[in-house]
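S.K.: what's the 3D shape of this:
(one chain, ligands or ions: 1)
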Amino acid sequence: MTQPDHPRLRSALEGIPSYRPGRPATTTGDAPSYKISSNENPYPPLPSVLDVVRSEAARFNRYPDMFATGLVAAIADRLDVPTGRVATGTGSVGVLQQVVQATAAEGDEVVYAWRSFEAYPIVVQISGARSVQLPLTGTEQHDLDAMAAAVTERTRLVLVCSPNNPTGTAISGADLERFLDRVPRDVVVVIDEAYREFVRDAAVPDAIDVARDRANVVVLRTFSKAYGLAGLRVGFAVAHEPVAAALRKTAVPFGVSSIAQTAATASLAAEDELFERVEALVKERSRVHDALREQGWAQPASEANFVWLRLGERTTEFAAACEAAGVVVRPFAGEGARVTIGETEANDIFLRVAATFSPSAATA
Ligand SMILES: *Cc1c(COP(=O)(O)O)cnc(C)c1O
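M.R.: Sure thing, here's the model as predicted:
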């Protein structure tokens with residue numbers, strides 16, 4: 001018998017697209033350069049949050065509280081859910097991985113819209129399950145009818161991203177309820193609300209309310225965006241108890257550091273201050289959106305902290321032009337570019353470049 005002379009890895013890993021992090025800002029000469037490629041919060045940490053992080057740092061020889069007791073209690077209190085319905089993880093991508101591990105494996109299917117969050121195909125493929133991707137509609141929205149129709153006996157999980165990364169479109173309460181009514185009760189549905197705090201359209205529900213009486217619905221939230229803790233890796237799910245318990249089983253033990261736990265708890269306590277910043281970003285989003293419309297772009301309304309430009313074949317060229325002008329955006333070659341709402345100066349640079357690529361500039 002001959003033995004292979006290389007370490008044997010699971011064939012499910014072959015061809016996994018690697019996650020492309022938003023490129024860092026590049027500085028050329030004296031010109032400022034801004035990173036608006038990863039949907040980060042452009043504001044620095046709040047002094048009150050930095051203070052608790054500093055004092056917690058003095059204890060990092062110890063493992064953190066494995067159950068994140070204080071943080072879980074603060075989340076449960078804030079969202080008016082029992083503590084047993086909250087499960088934490090290393091960012092909501094970590095929690096998503098816990099959900100996939102708890103629901104899907106070889107032979108199973110996971111249904112989601114595409115294009116959507118680029119972590120989805122990676123996490124699904126690692127599990128061995130098969131991705132079933134349903135194209136967005138012509139207005140950059142989830143095609144919920146097609147998604148419901150794509151659910152089969154093999155479907156174990158459905159991922160719904162609202163607002164959707166990278167298009168910024170969000171799903172109305174009526175549409176979401178109709179969709180959930182069509183999905184069998186034994187199929188877990190994740191509603192990824194990473195950008196919930198940026199939503200201003202009153203027709204878009206808080207998914208935690210939608211999920212209150214639906215045992216198969218899991219809501220994902222993160223401290224990375226509105227709360228500005230991207231570098232600390234903490235997110236959570238709100239799920240009914242058996243599912244939440246499964247997410248605690250599949251979590252990396254001690255995954256969420258004490259520093260992240262205390263920073264997240266302090267951020268919940270400092271919400272008033274943090275949400276003033278969110279409000280400023282939302283205002284800036286409106287300004288950018290209106291300017292793009294004026295330039296002739298067919299902009300879908302964004303309910304997140306970024307905008308989406310459907311550039312097609314000119315996407316890569318556009319991203320290069322942005323970089324030369326001092327802003328790094330996130331291109332999806334052949335499709336479009338996602339641009340984070342950042343510092344006013346960064347947004348202005350982006351708008352100047354967008355004007356030269358706009359549909360009206362092309363026909364003028
Ligand atoms: C940014 C983002 C997340 C959050 O990721 P973290 O792991 O919490 O930093 C989750 N879902 C979507 C759609 C996102 O864009």
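S.K.: From here on, just use CA atoms for contacts and neighbour counts.
M.R.: Noted.
S.K.: gap between the nearest residue to Pro205 once chain neighbours are set aside and Arg314?
M.R.: Once flanking residues are discounted, Pro205 sits nearest to Gly173: 5.1 Å by C-alpha to C-alpha, 6 or more residues apart in numbering. With the distance defined as C-alpha to C-alpha, to the nearest Å, Gly173 ends up 35 Å from Arg314.
S.K.: before we move on, what about Val217?
M.R.: As judged by C-alpha to C-alpha, Val217 and Arg314 stand 39 Å apart.
S.K.: Looking at these two, which is more packed in?
M.R.: Per other C-alpha atoms under 10 Å, whichever of Val217 and Arg314 has more neighbours is Val217, with 26 against 16.
S.K.: So what's the residue count around Asp318?
M.R.: Not quite, residue 318 is Phe, not Asp. 22.
S.K.: again, but for Ser302
M.R.: 25.
S.K.: Give me the pLDDT value at it.
M.R.: Note on Ser302: pLDDT of 98.
S.K.: my guess is it meets Gly168, correct?
M.R.: Yes. The pair Ser302 / Gly168 is scored as a contact, 4.2 Å apart, by C-alpha atoms under 8 Å.
S.K.: what residues are shared contacts of these two?
M.R.: In terms of C-alpha atoms under 8 Å, 6 or more residues apart in numbering, Ser302 and Gly168 are both contacted by the residues Trp308.
S.K.: who touches the nearest residue to Ala203 once chain neighbours are set aside in this structure?
M.R.: Of all residues not flanking Ala203 in the chain, Ser172 sits nearest, at 5.1 Å (C-alpha to C-alpha, 6+ apart). Residues counted as contacts of Ser172 (C-alpha under 8 Å, 6+ apart) are 203-205.
S.K.: what about the residue nearest to Ala325 when sequence neighbours are not counted, how many residues close to it?
M.R.: Once flanking residues are discounted, Ala325 sits nearest to Ile349: 6.8 Å by C-alpha to C-alpha, 6+ apart. Residues lying near Ile349 (other C-alpha under 10 Å) number 17.
S.K.: for the strand or helix carrying Ile349, packing partners?
M.R.: Assigned by DSSP states H and E, Ile349 belongs to helix 344-357. Helix 344-357 sits against helix 271-295, helix 315-325, strand 327-328, with contacts defined as 3 or more C-alpha pairs under 8 Å, 6 or more residues apart in numbering; DSSP states H and E.
S.K.: which of those is buried the deepest?
M.R.: Burial of these is given as mean neighbour count (mean count of other C-alpha atoms under 10 Å); strand 327-328 ranks first at a mean of 28.
S.K.: follow-up on the earlier one: please identify the buried residues of the helix holding Ile349?
M.R.: Neighbour-count burial for helix 344-357 flags 346-347, 349-351, 353-355, 357 (criterion: 16 or more other C-alpha atoms under 10 Å).
S.K.: again, but for stretch 202-213
M.R.: By 16+ other C-alpha under 10 Å, the buried positions in stretch 202-213 come out as 204-208, 210-211.
S.K.: These into CSV, with extra columns for distance to Thr340 and pLDDT?
M.R.: As requested, the buried residues of stretch 202-213 are exported to CSV (distance: C-alpha to C-alpha, whole Å; pLDDT from 0 to 100):
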residue, distance to Thr340, pLDDT
Val204, 21, 98
Pro205, 23, 98
Asp206, 23, 98
Ala207, 23, 98
Ile208, 25, 98
Val210, 28, 98
Ala211, 29, 98
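S.K.: which one of those residues sits closest to Glu118?
M.R.: Nearest to Glu118 among the buried residues of stretch 202-213: Ala207, at 21.4 Å, using C-alpha to C-alpha.
S.K.: looking at the sheet around the closest residue to that closest one other than its chain neighbours, what are its partners?
M.R.: Nearest residue to Ala207, sequence neighbours excluded (C-alpha to C-alpha, 6+ apart): Val219, at 6.5 Å. Beta bridges link Val219 to Ile191, Val238 when assigned by DSSP bridges.
S.K.: Number of residues surrounding Val219?
M.R.: Val219 has 25 neighbouring residues, counting by other C-alpha under 10 Å.
S.K.: cool, and Glu56?
M.R.: By the criterion of other C-alpha under 10 Å, Glu56 has 17 neighbours.
S.K.: May I have the residues that are in contact with it?
M.R.: Going by C-alpha under 8 Å, 6+ apart, the list of residues near Glu56 reads 258-259, 262.
S.K.: Go again with 7 Å.
M.R.: 258-259 (C-alpha atoms under 7 Å, 6 or more residues apart in numbering).
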